[in-house]
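> Test case, fold it:
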Amino acid sequence: MSAYTVEIRVMPRASLLDPQGQAVQHALQALGFRDVASVRAGKHLVVEVDAPTRDEAAARARTMCDRLLANPVTEDYECIVSP
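Numbers count the residues shown, from 1 in each chain. Predicted structure coming up:
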């Protein structure tokens, strides 16, 4: 088994409203950052996975996302595996 670092980026689907992102955008504009056109807020997770191969580590990370880390109805995710 090898240890792999998996970076997981979870974002609201582009077609859906992002209330948290909108709140951040409005707050930034209120602070004088008028050039901020839009904000999307998501999650960035870093997970250490012990797996026999890089592909298996990626598969385990996708299973984690499907079962817990991302809402499949409202969010998309991306997994990046590094040794």
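
> Stretch 58-72: end-to-end distance?
For stretch 58-72, the separation between the terminal residues is 17 Å (C-alpha to C-alpha, to the nearest Å).

> now swap in stretch 28-41 and tell me
The first and final residues of stretch 28-41 sit 13 Å from each other (C-alpha to C-alpha).

> which residues are in contact with that stretch?
When contacts are defined by C-beta atoms under 8 Å, 6 or more residues apart in numbering, stretch 28-41 is touched by residues M11, P12, A14, D18, Q20, G21, Q22, V24, Q25. C-beta coordinates here come from the backbone N, C-alpha and C atoms, glycine included.

> And for the fourth one, nearest residue in space, chain neighbours not counted?
By that I understand D18. Counting by C-beta to C-beta, 6 or more residues apart in numbering, the nearest residue to D18 once its immediate chain neighbours are dropped is P12, at 4.6 Å.

> same check, this time on the fifth one
Residue nearest to Q20 in three dimensions, not counting chain neighbours: A41, with 4.1 Å by C-beta to C-beta, 6+ apart.

> ok, the one you found to A3 distance?
A41 is 30 Å from A3, where distance means C-beta to C-beta, to the nearest Å.

> Compare these two (neighbour count), which wins?
Per other C-beta atoms under 10 Å, whichever of A41 and A3 has more neighbours is A41, with 14 against 10.
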